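Q: quick one: sequence and predicted model below, then my questions.
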Amino acid sequence: MPVLKFTKGHGTGNDFVLYSDPEGVAPLTPHLVRTLCDRRFGIGADGVIRAVRSRAIPDGADSLAEEPDAEWFMDYWNADGTTAEMCGNGIRVYVHYLISQGLLTLDDSESVAIGTRAGVKDVARAGDGYTVDLGHWQLGIDRLVTAQGLRVPRPGVTIDLGNLHVVTALAGESKLDSLDLTQLPALDPAPEGGANVEFVVPEEPLIEDGAARINMRVYERGVGETLSCGTGATAAALAFRHWGGSGMPNTWNVTVPGGQLTVRMFDSADGERVSLAGPATLVYSGEFAI
Ligand SMILES: N[C@@H](CCC[C@H](N)C(=O)O)C(=O)O
C-alpha cells in the first residue's frame with residue numbers, strides 16, 4: 001500500500017497537512033485532499049500544501065516568468081478539495097516546513113520568493129515567526145452578509161488579495177460570540193467562485209501604542225469556520241482602515257480564535273503594499289496509507 005509521508009503544521013490554529021513532491025510526481029486530487037483533511041477518517045486539517053518546484057507544476061510557469069528565483073511553489077488546496085490562490089497562514093508554515101526538510105536555508109531577516117496562484121510572494125524570517133509581503137490589494141463592491149446569529153443582514157466590503165474576502169463589522173464582542181458559523185454565510189450579490197467571510201469587532205479603544213486592534217472570526221471558502229485566516233486578517237485590517245479614513249494607523253493587531261497576527265501597510269516604489277506577520281508551527285510527522 002503506498003504511503004504519504006506528511007507533516008502536520010499550523011499558523012495560529014489554521015492547520016495544514018504538508019508533504020514534499022519536489023519533482024511533481026505525486027499530485028493531489030480533490031478526493032485525496034478530502035480524505036487527508038477529514039478530522040475523523042483522515043489526519044484532519046483545514047487544507048493541504050504540496051511542496052513542489054515551480055518548474056514541476058503547470059501553475060508554476062507564471063511564477064517563474066514573474067520571478068526566476070521562485071524555486072518553490074505552494075500548491076494549496078482547501079479541505080473540500082478545491083484549490084485556492086493564496087493562504088497567508090499557510091505560506092509561513094510552508095516556508096518553515098521547507099527549512100525543516102532541508103529544502104531551503106533561510107537565516108533570520110533573509111527572505112525567499114515563493115510561487116503561488118496569486119503571484120510570487122516574498123516571505124522573510126523574523127525571529128520565531130515569518131512575515132509575508134502580500135503585495136497589492138483591490139477594494140471591491142459592498143455586499144449584504146447574512147449569517148446565523150445576525151439579527152439583520154449587514155453590509156460587507158469586498159477585498160481581493162489574490163483570493164476574495166468580504167469583511168463585515170459588528171458592534172461589540174458579544175456579537176462575535178453569538179455568531180453561528182456552522183452554516184455558510186450568504187452574500188448578496190454572491191461572488192462567482194465564492195469568498196471568505198470575515199466578521200470583525202474593534203477593541204475599545206481601537207488604537208493603542210500607535211497600532212489598531214480588532215477581533216475577527218472567519219468562515220473560510222472551501223473549509224468552514226477556522227481558528228484563523230491570514231489573508232482574512234489582512235482583509236479585515238484593510239477594510240477597517242478604509243472605513244476609518246485618514247488618521248488610521250498602518251499597523252493592525254488582529255486577534256483570532258487561534259492567536260494573533262500583525263498586518264502592516266507600507267509604501268513602496270510601485271504603490272502601497274501590505275504584509276502579514278505571525279507564527280508558524282510544525283506539530284508532528286507521520287505516514288498516511290493511501
Ligand atoms: N487560511 C488561509 C486562506 C486559505 C484559502 C481560502 N480558504 C480561500 O479559498 O481563499 C489564509 O490564512 O489566508
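A: Thanks, I have it.
Q: would you map the strands across the stretch 1-150 of the chain?
A: Ranges of strands in the stretch 1-150 of the chain, per DSSP state E, counting those that start in this stretch, are 3-11, 14-20, 47-53, 72-78, 111-116, 119-126, 129-135, 138-146.
Q: I'd like the ones you listed as a markdown table, with mean pLDDT appended.
A: Output for these, formatted as a markdown table (pLDDT from 0 to 100):
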| stretch | mean pLDDT |
| --- | --- |
| strand 3-11 | 98 |
| strand 14-20 | 98 |
| strand 47-53 | 98 |
| strand 72-78 | 98 |
| strand 111-116 | 98 |
| strand 119-126 | 97 |
| strand 129-135 | 98 |
| strand 138-146 | 98 |
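Q: how about these in JSON lines, adding mean neighbour count?
A: Yep, even glycine has a C-beta here, placed from its N, CA and C like the rest. As requested, these are exported to JSON lines (neighbours: other Cβ atoms under 10 Å):
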{"stretch": "strand 3-11", "mean neighbour count": "20"}
{"stretch": "strand 14-20", "mean neighbour count": "25"}
{"stretch": "strand 47-53", "mean neighbour count": "24"}
{"stretch": "strand 72-78", "mean neighbour count": "25"}
{"stretch": "strand 111-116", "mean neighbour count": "22"}
{"stretch": "strand 119-126", "mean neighbour count": "20"}
{"stretch": "strand 129-135", "mean neighbour count": "22"}
{"stretch": "strand 138-146", "mean neighbour count": "15"}
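Q: could I get these as a markdown table with distance to the ligand?
A: Shown next, in a markdown table, are the strands of the stretch 1-150 of the chain (distance: least, Cβ to the nearest ligand atom, whole Å):
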| stretch | distance to the ligand |
| --- | --- |
| strand 3-11 | 7 |
| strand 14-20 | 5 |
| strand 47-53 | 6 |
| strand 72-78 | 5 |
| strand 111-116 | 11 |
| strand 119-126 | 11 |
| strand 129-135 | 9 |
| strand 138-146 | 14 |
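Q: state whether H165 is indeed within a strand.
A: Yes - according to DSSP: H, G, I helix; E, B strand; the rest coil, H165 belongs to a strand.
Q: contacting residues around it?
A: For H165, the contact set (Cβ atoms under 8 Å, 6 or more residues apart in numbering) comprises T158, I159, A195, N196, V197, E198, T231, G232, A235, A236.
Q: if we go to 7 Å?
A: Contact analysis of H165 by Cβ atoms under 7 Å, 6 or more residues apart in numbering lists I159, A195, N196, E198, T231, G232, A235.
Q: and the closest residue in space to I141 that isn't next to it in sequence, how far from the ligand?
A: In space, and not counting its chain neighbours, I141 is closest to T158: 5.5 Å by Cβ to Cβ, 6 or more residues apart in numbering. Note on T158: its distance to the ligand, by Cβ to the nearest ligand atom, to the nearest Å, is 13 Å.
Q: can you list the buried residues in the lengthiest helix in the chain?
A: Using DSSP state H to define each element, the chain has its longest helix at helix 230-244. For helix 230-244, the neighbour count (16 or more other Cβ atoms under 10 Å) marks G230, T231, G232, A233, T234, A235, A236, A237, L238, A239, F240, R241 as buried.
Q: thought T262 was touching A233, still the case?
A: No - with contact defined as Cβ atoms under 7 Å, A233 does not reach T262; the gap is 8.7 Å.
Q: starting at the chain centroid, how far to the longest helix of the chain?
A: On the basis of Cα atoms, centre = their mean, to the nearest Å, helix 230-244 sits 13 Å off its chain's mean C-alpha point.
Q: and the next element down the chain from that helix?
A: Remark: after helix 230-244, the chain's next helix or strand is strand 251-256, criterion DSSP states H and E.
Q: ranking helices and strands of the chain by mean pLDDT, which lands last?
A: Within the chain, no helix or strand scores below helix 173-177, which has a mean of 84 by mean pLDDT, DSSP states H and E.
Q: does anything pack onto it? Which helices or strands?
A: Counting contacts by 3 or more Cβ pairs under 7 Å, 6 or more residues apart in numbering; DSSP states H and E, helix 173-177 is packed against strand 196-208, strand 211-220.
Q: quick one, which of the ones you listed gets closest to L28.
A: L28 sits nearest to strand 211-220 of all these, at 18.0 Å, using Cβ to Cβ.
Q: this completes my enquiry, with thanks.
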